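Engineer: no sequence for this one, just the structure:
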């Protein structure tokens, strides 16, 4: 399988992963899904990487499965059966989707699995599944429910209607809409700011809280946060954060796993 199906570029602590089938609008195949997941795992282990950006080559992000693609005998099926399809949810580093065009079906799922979503003006979004006789695949029902609420999730899933980027922003589906020629500069500026100024251990733990505290009561979430706070105070990152502030110098947090550690990281 060619690594070219999902390219990998790192600069200033940010890894950019790009779906790379522009001739097919980045229609998803089993091989490209495996390549993407392999790149995510690579970024997770890469000490240089603190933030991950996911985007597409050409005019589209990913319009879902490539329905015209006919896999060969040695190709992976879609969904793939080699790497766990929950892999994007288990990445501890912040993930930002830079949505450069059409985003539908499995492609929308990949975007929703990111922590933040920036999109170009005019991009089209749709869940698509119900209009193909499918169910809400890739955990999209849970993700939409958490991100935009049940009523909006029900609308988008049951109707599978197409919406544009401006409505996606109004609904809270995306964080920001920018001009097409400003997308990557905007995303990279945001991502680099995280990579340079924010504790990797803090970002990983905040992601963990967002993913796990949703099922807790308010009292349970507060108690969990206090346990994590105690662990953070015992680690090195708090000392560095305070010292850099008092000394009026740039902060120098260590890579994930080399600074403050938390009990949840061993689970």
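Structural biologist: Yep, it's here. Computed from a predicted model, the values in this text were never measured in an experiment.
Engineer: Flag every buried residue along stretch 126-133.
Structural biologist: 126-130 (16 or more other C-beta atoms under 10 Å). Quick note: C-beta positions are derived from backbone N, CA and C, even for glycine.
Engineer: An error on my part: the question was meant for stretch 49-64.
Structural biologist: With burial defined by 16+ other C-beta under 10 Å, the residues of stretch 49-64 counted as buried are 49-58, 60-64.
Engineer: What of stretch 65-76?
Structural biologist: So for stretch 65-76, counting by 16+ other C-beta under 10 Å, buried means 65-66, 69, 76.
Engineer: Hmm, which of those residues is lowest in pLDDT?
Structural biologist: Among these, residue 69 carries the lowest pLDDT, at 92.
Engineer: Look at the residue lying closest to that residue once chain neighbours are set aside and say how many residues are nearby.
Structural biologist: Leaving out its chain neighbours, the residue that sits closest to residue 69 by C-beta to C-beta, 6 or more residues apart in numbering is residue 29, at 5.2 Å. Other residues lying near residue 29 total 22 when counted by other C-beta atoms under 10 Å.
Engineer: show me what contacts residue 29?
Structural biologist: Contacts for residue 29 (C-beta atoms under 8 Å, 6 or more residues apart in numbering) come out as 5, 21, 65-66, 69, 71, 75-76, 78.
Engineer: okay, these in TSV with secondary structure and distance to residue 260 next?
Structural biologist: Converted to TSV, those look like this (DSSP: H, G, I helix; E, B strand; the rest coil; distance: C-beta to C-beta, whole Å):
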residue	secondary structure	distance to residue 260
5	helix	36
21	coil	40
65	strand	41
66	coil	43
69	coil	45
71	coil	44
75	coil	43
76	coil	38
78	coil	39
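Engineer: quick check, nearest of the residues you listed to residue 198?
Structural biologist: residue 5 (30.7 Å; C-beta to C-beta).
Engineer: sorry, back to before: compute the distance between the residue nearest to residue 69 and residue 242, please.
Structural biologist: 49 Å (C-beta to C-beta, to the nearest Å).
Engineer: try residue 110
Structural biologist: Per C-beta to C-beta, residue 110 is found 38 Å from residue 242.
Engineer: out of these two, which sits in the busier spot?
Structural biologist: Looking at residue 110 and residue 242 with other C-beta under 10 Å, you find the greater number of neighbours at residue 110, namely 25 against 11.
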